[in-house]
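Enquirer: need a structure here:
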Amino acid sequence: MNPSKNLLALLPLLAAFATLQAQAATDAGNALAPASAAQAEAVPMTDGEIRKVDAAAGKLTIKHGPIANLDMGAMTMIFRVQDPALLGQVKEGDQVRFSVIRANGALTVTTLVVQPPGK
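Expert: Prediction:
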């Protein structure tokens, strides 16, 4: 058999392998989705203060206390928000309690509750 025929014989196998890999990746993503949602519900809340709302970028800058589930100390940093509607609930200076997870490589706020003044 010449090399061209070998290559032509392998093409259907390579296509099938690529299809199987794509399906496995999709299945893995679907399997993780419910766990991520459950994980988000179990994440502890952290106290913080909104420093900036960037609705165009879908991000909040929050000065926060320690974030236990991420083993992160107190600091000021930028977070993505899981639900863009959260951005309309806060303004600069608001005291909040929030939960954050690492989703798709980004620190993402999943829950946000504005605290009444004086708390």
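Enquirer: pretty sure Phe79 sits against Gly58.
Expert: No: under the criterion of CB atoms under 8 Å, Phe79 lies out of contact with Gly58, with a separation of 9.8 Å. From N, CA and C alone the C-beta is placed, and that goes for glycine too.
Enquirer: can you count the residues close to the nearest residue to Gln115 once chain neighbours are set aside?
Expert: Distance criterion CB to CB, 6 or more residues apart in numbering; nearest residue to Gln115, sequence neighbours excluded, is Gln95 at 4.3 Å. Counted with other CB atoms under 10 Å, the neighbours of Gln95 add up to 16.
Enquirer: for Gln95, what are its contacts?
Expert: By CB atoms under 8 Å, 6 or more residues apart in numbering, the contact set of Gln95 is 47-49, 114-115, 117, 119.
Enquirer: mind putting those in a markdown table, pLDDT included?
Expert: Conversion of the contacts of Gln95 to a markdown table gives the following (pLDDT from 0 to 100):
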| residue | pLDDT |
| --- | --- |
| Asp47 | 97 |
| Gly48 | 97 |
| Glu49 | 97 |
| Val114 | 96 |
| Gln115 | 93 |
| Pro117 | 82 |
| Lys119 | 58 |
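Enquirer: tell me which two in those residues are the farthest apart.
Expert: Greatest spacing in the contacts of Gln95, by CB to CB: Gly48 and Pro117 (15.1 Å).
Enquirer: higher neighbour count, Phe79 and Gly58?
Expert: Set side by side, Phe79 and Gly58 show more neighbours around Phe79, with 21 against 15, by other CB under 10 Å.
Enquirer: the host helix or strand of the more buried one pairs with which strands, and in what direction?
Expert: Using DSSP states H and E, the element containing Phe79 is strand 75-81. Using DSSP bridges, the strands paired with strand 75-81 are strand 59-64 (antiparallel), strand 106-114 (parallel).
Enquirer: with distance to Gln89 added, can I get the ones you listed in CSV?
Expert: Shown next, in CSV, are the strands paired with strand 75-81 (distance: least, CB to CB, whole Å):
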stretch, distance to Gln89
strand 59-64, 10
strand 106-114, 6
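Enquirer: return the helix or strand in the protein with minimum mean pLDDT.
Expert: helix 3-41 (a mean of 51; mean pLDDT, DSSP states H and E).
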